[in-house]
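[1] sharing a sequence plus its predicted fold:
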2 protein chains.
Amino acid sequence: MLIKNARFVLTPEKTLENKNIVVKDSRIESIGGCDKSEEVIDASNHIVLPGLVNMHTHASMNLLRGVSDDKKLQKWLQEDIWPLEEKLDGEKCYWGAMHAFTEMIKTGTTCFSDMYFFMDKVAEAAEDIGIRGYLGHGMLDLGEEQRRKKDLKKSRKIVKDIGKLSDRINPMVTPHSCETCSDELLLKAREMADRNDIPLHMHLCETHDEVEKLIKERGRRPVEHIKQLGLLDGKFIGAHGVHLTVEDIKTLSKKEASIVHNPCSNMKLTSGVAPVPDMMQKGLNVCLGTDGAASNNNLDMFEEMKFVGLLHKLNASDPTTMPIEDISKLPWTNADMALDRKIGRLEQGYTADLILVDLDYIKMNPVHSPLSNLIYSGAEVDTTIIDGEIVMRNGELTMVDENKIKRKAGEFAEELVSCPHSED
Amino acid sequence: MLIKNARFVLTPEKTLENKNIVVKDSRIESIGGCDKSEEVIDASNHIVLPGLVNMHTHASMNLLRGVSDDKKLQKWLQEDIWPLEEKLDGEKCYWGAMHAFTEMIKTGTTCFSDMYFFMDKVAEAAEDIGIRGYLGHGMLDLGEEQRRKKDLKKSRKIVKDIGKLSDRINPMVTPHSCETCSDELLLKAREMADRNDIPLHMHLCETHDEVEKLIKERGRRPVEHIKQLGLLDGKFIGAHGVHLTVEDIKTLSKKEASIVHNPCSNMKLTSGVAPVPDMMQKGLNVCLGTDGAASNNNLDMFEEMKFVGLLHKLNASDPTTMPIEDISKLPWTNADMALDRKIGRLEQGYTADLILVDLDYIKMNPVHSPLSNLIYSGAEVDTTIIDGEIVMRNGELTMVDENKIKRKAGEFAEELVSCPHSED
């Protein structure tokens, strides 16, 4: 495939002008070269850049978008989210995830990392629409042996089955958090991740209460706790990291660990402000996620980047904090660091996960700085390519029927508020 | 005009379903009625709602979008913005404003309030594209008599000429701020506003330094200062209001005063967090603005509403702070309170400034709550009607050539970084 004469190419560290990009199979073969491809995409009025990586989300929660807002966290969970989640089933999770992946592809996300329920169906949806994903069954036992066994079994099945689908779909091991998982479950999770050489991804220090509870019950902070258990001895992804101390950051930065920042969710649920500039300064790898649509309420990673910039400037009372060059590390090169998958860069040999952004979009011009416009003003994605395949062209999904997805998701979202309880 | 079978109608206080809206001349004649209009708009897959009112912006600054970010305020102004502003001329301001109005109409804004330079040209642009606007020449004298005279003359000319254009274009008197205007200029500004029965709009308590400087130089805080001068005795609009004390809020709430909140600009330039929930609780009228594109960097009022919600929840450590019902007052009914113009409501007798939002947009569904989706998830505007006239239909501007606007704005934006100095 030849992406011809791209007006701007964001690598993302530098901006090149008027270049061709040659894609062969699923890889970027060259930037600046030429090719007699049958498939030619004219990018003379576009910015071509790596697809965004949403490192923490719960895709199927798109069914719950706007179902409950402006409530305190515990009330929100107990009164609305948990009762609705109990009513989920495989079909609902499939269409919820399909809807989420449609939103992702349309807003430039080419890879996601998701922990939730009915993940076999979520993986199927990802495969059908053509998006790259890392998935795990969200395990929690609340100390109950039976629940632990059941969740470990589900997790093992996901790990075993998911990798078979395609190269794009990758399993993770995903215990929910220190608060909701016994030490035994956490240890088994690490073992499973190591045995399969895949990442362990869990929530970490999202809320103040969660940290205080662990200190009270187990006598130490979450990071110290998982370090002692050996959970950090291997690829580790911690979502949120809002309540990390300087010591926690130091501990994590010495390990093969990444933290996923979710500013919109943390602001909306008032979890707090993650110390992202400190983490980055101390060499801890920070990625970006949207969390689920129930607490954001969208999956737009460009908007999420704007929140990163404005939140941390305000928090530090310093507008030079988190400049665009730092913000742009999160969804691209730092995601590559976390997943080690040759994504997040437009470079020879890297995976051909890339997007074309329309320079004609009113918010995108005038173009004094393409990167500033993308982050602070807003982007409209025209074409999305994943693994060298065009999954959206001129705003139209190529592999699936968008109208059917919206209709199905709408029907199941409505059903959810009245359907009977079902079991995962 | 008949807007037929609207799936949802936001008034904005309540949501109606499956209603017709009849527009006659520039007014809403009925909701729920019928009409044998020639002009019929099918809204069966749309939310119909009042157009948004952007109460503080500098439209022509669209030319400066992304030209400078991530700098401290004084450096940003002195090194980048002021030198570039000196190079502005009437033609540049016309096309910059045209670009801004295009962005506004495409994102659902039907009325703006703007203080800047070459406002005769800005008014001309507003008239050409069909948007409703309140405009004033941004006056500042820094204590110099000659400058004062010059700016008062310009201001008088704008006030005199602008009203002649059309019913949609309205003059304001707009001294820049207490910091940059002598008491004499402020007094003359109030006189001019009173004589013409139009609002006075100025920056107020945007930064900590501005407040401290006034206390040092004139022995009192800005609100006390303008109260003593009599500036609050008449229709008053204060932009930003970040550094207002409880006493300031009490003072303002007893007057015919409104404060315009600009959360993105205040976060990006780290001006601080305006005490919006306190203002609203004390009965002070709060509106919403985007500020200029150089400090935001867009004019999207839906995005601005999301920032309002998330910022104030985080700031109060309480997710029940600024629920969607409160956020939605700012750009609609509170703007009507500030301008007293029968806008911001979908109600019989109100001005027909309204927009149709597409329910098919991926971020807009599923629709558990139309208002939540509009504010927290994101909206795509399909059709914009101002004063009973369709200024955008199915995403296409009707009165002007969007491509020409983008080309012209792009050319002048580029020229701006190299052209010689010119005089307003």
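    Done, it's in. Numbering: from 1, shown residues only, chains lettered A, B, ... in the order given.
[2] excluding residues flanking it in the chain, which one is nearest residue A:165?
    In this structure, residue A:165 finds its nearest non-sequential neighbour in residue A:127, 4.9 Å apart by C-beta to C-beta, 6 or more residues apart in numbering or on different chains. The C-beta positions use only the backbone N, C-alpha and C, and glycine is treated the same way.
[3] so what's the residue count around the one you found?
    For residue A:127, the neighbour count with other C-beta atoms under 10 Å in any protein chain shown is 16.
[4] what of residue A:193?
    Close neighbours of residue A:193, defined as other C-beta under 10 Å, add up to 25.
[5] do residue A:166 as well
    14.
[6] again, but for the one 3 residues further on
    The local packing of residue A:169 (other C-beta under 10 Å) involves 20 other residues.
[7] which ones are touching it?
    If you count contacts by C-beta atoms under 8 Å, 6 or more residues apart in numbering or on different chains, residue A:169 has them with A:123, A:126-127, A:132-133, A:135, A:162-163.
[8] closest one of these to residue B:147?
    residue A:132 (59.7 Å; C-beta to C-beta).
[9] where does the residue lying closest to the closest one once chain neighbours are set aside fall, secondary structure wise?
    The shortest distance from residue A:132 to any non-neighbouring residue, by C-beta to C-beta, 6+ apart, is to residue A:111 (4.1 Å). Taking DSSP states H and E as the criterion, residue A:111 maps to strand A:109-116.
[10] okay, the contacts of residue A:169 in JSON lines with secondary structure and pLDDT next?
    As requested, these are exported to JSON lines (DSSP: H, G, I helix; E, B strand; the rest coil; pLDDT from 0 to 100):
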{"residue": "A:123", "secondary structure": "helix", "pLDDT": "97"}
{"residue": "A:126", "secondary structure": "helix", "pLDDT": "98"}
{"residue": "A:127", "secondary structure": "helix", "pLDDT": "96"}
{"residue": "A:132", "secondary structure": "strand", "pLDDT": "98"}
{"residue": "A:133", "secondary structure": "strand", "pLDDT": "98"}
{"residue": "A:135", "secondary structure": "strand", "pLDDT": "97"}
{"residue": "A:162", "secondary structure": "helix", "pLDDT": "90"}
{"residue": "A:163", "secondary structure": "coil", "pLDDT": "78"}
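[11] rewinding a little: just how off-centre is the strand holding residue A:111 within its chain?
    4 Å (C-alpha atoms, centre = their mean, to the nearest Å).
[12] now do that strand: which elements does it pack against?
    strand A:52-57, helix A:90-106, helix A:119-129, strand A:132-139, strand A:200-204, helix A:333-339, strand A:381-386 (3 or more C-beta pairs under 8 Å, 6 or more residues apart in numbering or on different chains; DSSP states H and E).
[13] got the buried residues for the lowest-mean-pLDDT helix or strand in chain A?
    Each helix and strand of chain A was given a mean pLDDT (mean pLDDT, DSSP states H and E); the minimum falls on helix A:73-75 at a mean of 90. For helix A:73-75, the neighbour count (16 or more other C-beta atoms under 10 Å in any protein chain shown) marks residue A:73 as buried.
[14] how far does stretch A:334-353 sit from its chain's centre?
    That offset, for stretch A:334-353, works out to 15 Å (C-alpha atoms, centre = their mean).
[15] what of stretch A:365-382?
    That offset, for stretch A:365-382, works out to 21 Å (C-alpha atoms, centre = their mean).
[16] one step back: got the contact list for the residue nearest to residue A:165?
    Applying C-beta under 8 Å, 6+ apart, we find residue A:127 in contact with A:165-166, A:168-169.
[17] what's the answer for residue A:104, then?
    Residue A:104 makes contact with A:54, A:110, A:112, A:131, A:299, according to C-beta under 8 Å, 6+ apart.
[18] before we move on, what about residue A:379?
    Contact analysis of residue A:379 by C-beta under 8 Å, 6+ apart lists A:107-108, A:302, A:357, A:361, A:363-364, A:373.
[19] also residue A:343?
    A:50-51, A:53, A:110-111, A:132, A:335-336, A:350-351, A:353.
[20] and if you look at residue A:250?
    residue A:282.
[21] just the buried residues of the helix or strand where it lies, please?
    Per DSSP H and E: residue A:250 is located in helix A:246-253. For helix A:246-253, the neighbour count (16+ other C-beta under 10 Å) marks A:248-249, A:251-253 as buried.
[22] ok, then the element right after it?
    Helix A:246-253 is succeeded, C-terminally, by strand A:257-261 (DSSP H and E).
[23] what is the least confident helix or strand of chain A packed up against?
    The contact analysis (3+ C-beta pairs under 8 Å, 6+ apart) places helix A:73-75 against no helix or strand.
[24] could you measure from the residue nearest to residue A:386 when sequence neighbours are not counted over to residue B:367?
    Counting by C-beta to C-beta, 6+ apart, residue A:386 lies nearest to residue A:110, which is 4.8 Å off, once chain neighbours are set aside. Counting by C-beta to C-beta, to the nearest Å, the separation of residue A:110 from residue B:367 is 27 Å.
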